[in-house]
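> here's my sequence, what's the structure:
(2 chains)
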Amino acid sequence: MTMPLSIALMEVQIPLLAAMLLGACGTKVALLVRRGSADEAFGPTALFPVSARRPVAIGLCAAEFCLGVGLIVTASSQGAIARSVRGATSLLFIVATCALIELRANRPEVGCGCFGDFSTTPVSLRSLARSALLAVAAFAAIWLRPGELHFTPPHIAELVGLLFAELLLFGALSPEIGEGLIRLGYSEPCELQVVSSQRTLSALHRSRQWRRYSPLIATDGPADVWRELCWRYVVYPARYNDAPADVVFAVFLQRRRPAIRAALVDGATGETLRSPTAPTMRSRLRRRYARLAPQAAGAAAGPTAMAATANLPVSTDV
Amino acid sequence: MPVAISSFACCDRCAKLGSIPPVSGDRETTAPPGPKAAIGTAPTPTDPSAVGRGALVARRRLLKAAVSRRIPEAPENSEAQPAAGGTAALGPAPAEDRAAPEQADFADVAQQPRSVSGKVLDVSPHVLVLGDQGFEQRFIIKPDALAWRGKHLEPAALRPGDNVVVRLQPGQRDVADRIWANIGRVTGVITKRSGGTLIVDEGMTRKPQAITLDPSALGRIQVRFPTLEPGYLLDIIGLRQGAELVGLIPATSQPSYPADRPPAAPLVNGHVASAISGSATWHEQRDEPPGVLGVDYPALDPDTRCAEDVAHGGRRGYARLPYLAIGSVLRIRNECTGIDCLVPVTGCAWIARLFNDRCVTCGTSPRGRIVDLTLASFISLGGELERGCFNVTVTIGE
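Just a heads-up that it's a prediction; the model follows:
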């Protein structure tokens, strides 16, 4: 035999409400301790003057703590005290819902502050719906009769299932869940990372692009350095074909092996010039071969080679 | 309002940035042609720092475009491999690849409202005369034109000696359709309060500002700014009376935190979107040359060594925006009017970084201040100065 769904639903509200209240109280206290002051607003306390924020914040935390503990302590009773605690919890959430509506209308930039630092997202319909549902849940729990419960395995499974479903519902209505998940696996986007110019220059000076253009660069330090999004641009004055030019590098802001682009720009016209090619292994071998060629190929070169070397300060009379 | 009265500062809207005039209005500093044009001339000496800044903007844009394109290889020999380009072909391309300047859609000059500032010499229901000793300029006042001097009034009610900002009819150089007289704005951190007078710190590069709260507006201001105490933020629009501002209109709602303890900024997951929606405000030109088209941006690269960052230890504030530099170009779209325009970053907006507020000019902006426009840019994008802000979408990487 299974218990009626309505009774099971009422039963799961007590632990859920108590967990929400104690969690909210804990995160608020943590925030207040971290700030070292209760004068700064969080959530609906922003609606109060500065002088009233401290008592309101402390009162809110105290109310959440007392009601959370009260719900747990009176969970198995049906007396006036238990009903009063559940009624007060419902009233707290009704007031909170009204305060959030007010906050959304007058201070749209302020988060609900329900779970301290996690609740910085501006009040949305989700936050409002959650608060209203919690008020309904607390209201429903007022008429709970513990005597109607039968703690048999099927009943416990039913309760756990309902609790899980309700947790999912409240999770979907909680912007704090997304915020928490972001914090868990957060890595700052490159656009927001602080990367020093020094590090960028070090990466640049180790790069192939630097080796390619450095023969043209005329000064030790860059003429201009600036950053845009994930790229830092570095400009060096240069000489190219005996005319002033600029070598501009774009360095991607990442820690290891950043992508680097480079261009040679005419200093007078601003036109992009054809850039010198980086020395490849093949070109290096060819150059080395060219240096050795006169000695190695001299004997077999024939008249053309002899003619080419006739102007050398070496006697060719023999 | 401390404008350079000796000049007519004309914002010539969204000019081509490739040849950006550092001080827009250069055409207006000489006598404009036409029958209603100036009598006499009083050319304004161009501010050298502004010239340098304008040249910097153009130069950086040019160099960025050059490095963002694929660079042609000089063939060392016919067998040179394309791979010789090395890392140039690797990795993500700079933003310019996505929006090369040649493809950038600059706004049509004829579509943008322009602005002129100066001192009223004479005014009648149909003609407004601005000028200074030996230099004056006449503007036809549109029949439906509105003026503002603390409140809306007929243009004919302006007084000689008023410092005005005139919005010109788009495409017409001598037709005024909106006039603001003696308007001023102070945005900053309250440092001292003495009765109804507040001293406000606007940052290292600006002088402290004195605000006297007008008794008739005090109630309205205190609704939006309940904490008029040192350490809290303030943003008030009012009437300039010399160096002092008579506060009349709260430009936003006061953040509930002290300026030195802003809340933790929301984390940004993944890559930052290239288009960011938020709020655009304006600031008085103070020491800037009049008529500059530009924008102060809250997140300049810390290596830029913005004076405020140096003074305040690089505090991040609330706004988390992608880092840019002086000369970066933003496409700013006024979501209330639909006007958009390319505007270069010309300064750092330290104060804007501290505000976590919303603009409610046309709906609630999704986030707080993302750009702080010069007065000329604000008008050029269709903003109403006395409203203080408009909702914008800013596209980075143009």
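> make it CA atoms for all contacts and neighbour counts henceforth
OK.
> tell me the confidence at A:C66?
Listed pLDDT for A:C66 reads 93.
> how about the helix or strand encompassing it, does it get close to chain B?
Per DSSP states H and E, A:C66 falls inside helix A:50-73. Yes. Shown here: helix A:50-73 in contact with chain B (Cα under 8 Å from any Cα of the partner chain) through A:V50.
> in that helix, what's buried?
Residues A:50, A:53-54, A:56-58, A:60-61, A:63-71 are the ones in helix A:50-73 that count as buried (16 or more other Cα atoms under 10 Å in any protein chain shown).
> which residues does that helix contact?
Identification of contacts with helix A:50-73 by Cα atoms under 8 Å, 6 or more residues apart in numbering or on different chains yields A:14-15, A:17-22, A:24-25, A:28-29, A:38-41, A:45-46, A:82, A:85-86, A:88-89, B:227.
> for burial, what's the neighbour tally of A:E271?
Residues lying near A:E271 (other Cα atoms under 10 Å in any protein chain shown) number 14.
> likewise A:G161?
Quick note: A:G161 (other Cα under 10 Å) scores 13 neighbours.
> from chain B, how far off is it?
33 Å (Cα to the nearest Cα, to the nearest Å).
> which strands or helices does whichever helix or strand comes after the helix holding A:C66 pack on?
Next helix or strand after helix A:50-73 toward the C-terminus (DSSP H and E): helix A:80-106. Here helix A:80-106 touches helix A:50-73, helix A:125-141, going by 3 or more Cα pairs under 8 Å, 6 or more residues apart in numbering or on different chains; DSSP states H and E.
> A:Y213 reaches A:V247, doesn't it?
Yes. The criterion here is Cα atoms under 8 Å, and A:Y213 meets it with A:V247 at 7.4 Å.
> so between the two, which is more surrounded?
When A:Y213 and A:V247 are compared for neighbours, A:V247 comes out ahead with 31 against 21, by other Cα under 10 Å.
> helix, strand or coil for that one?
The assignment at A:V247 comes out as strand when based on DSSP: H, G, I helix; E, B strand; the rest coil.
> tally of neighbours for the closest residue to B:S253 other than its chain neighbours?
Residue nearest to B:S253 in three dimensions, not counting chain neighbours: B:R224, with 4.7 Å by Cα to Cα, 6 or more residues apart in numbering or on different chains. B:R224 has 19 neighbouring residues, counting by other Cα under 10 Å.
> can you give me the helices for the stretch 151-300 of chain B?
With helices called from DSSP state H, counting those that start in this stretch, the stretch 151-300 of chain B shows them at B:218-224.
> any weak-confidence spans in it?
Filtered on pLDDT under 70, the stretch 151-300 of chain B yields the residue ranges B:266, B:268-270.
> so where do the strands sit in it?
B:152-153, B:163-168, B:175-181, B:183-194, B:197-201, B:209-213, B:233-241, B:244-250, B:275-283, B:295-297 (DSSP state E, counting those that start in this stretch).
> which of the ones you listed sits closest to chain A?
strand B:275-283 (11.4 Å; Cα to the nearest Cα).
> can you give the strand pairings for that closest one, parallel or anti for each?
With DSSP bridges as the test, strand B:275-283 is paired with strand B:369-374 (parallel), strand B:389-396 (antiparallel).
> how about those strands, which one is nearest B:A58?
B:A58 lies closest to strand B:389-396 among the strands paired with strand B:275-283, at 16.5 Å (Cα to Cα).
> quick one: contacts of the closest one?
B:251, B:274-282, B:329-336, B:359-362, B:364-365, B:383.
> PyMOL command to pick out the buried ones of these?
Remark: buried members of the contacts of strand B:389-396, expressed as a PyMOL selection using 16+ other Cα under 10 Å:
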select buried, chain B and resi 251+276+277+278+279+280+281+282+329+330+331+332+333+334+335+359+360+361+364+365+383
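> coming back round to it: can you say which of the strands of the stretch 151-300 of chain B is nearest to B:L62?
Comparing the strands of the stretch 151-300 of chain B by Cα to Cα, strand B:295-297 comes nearest, at 19.4 Å.
> other SSEs contacting the closest one?
strand B:340-348, strand B:369-374.
> after the shortest one, which helix or strand is next?
Secondary structure here is assigned by DSSP H and E; on that basis, the next helix or strand after strand B:369-374 toward the C-terminus is helix B:375-380.
> ditto for the longest one
Sequence-wise, the next helix or strand beyond strand B:340-348 is helix B:350-354, with elements assigned using DSSP H and E.
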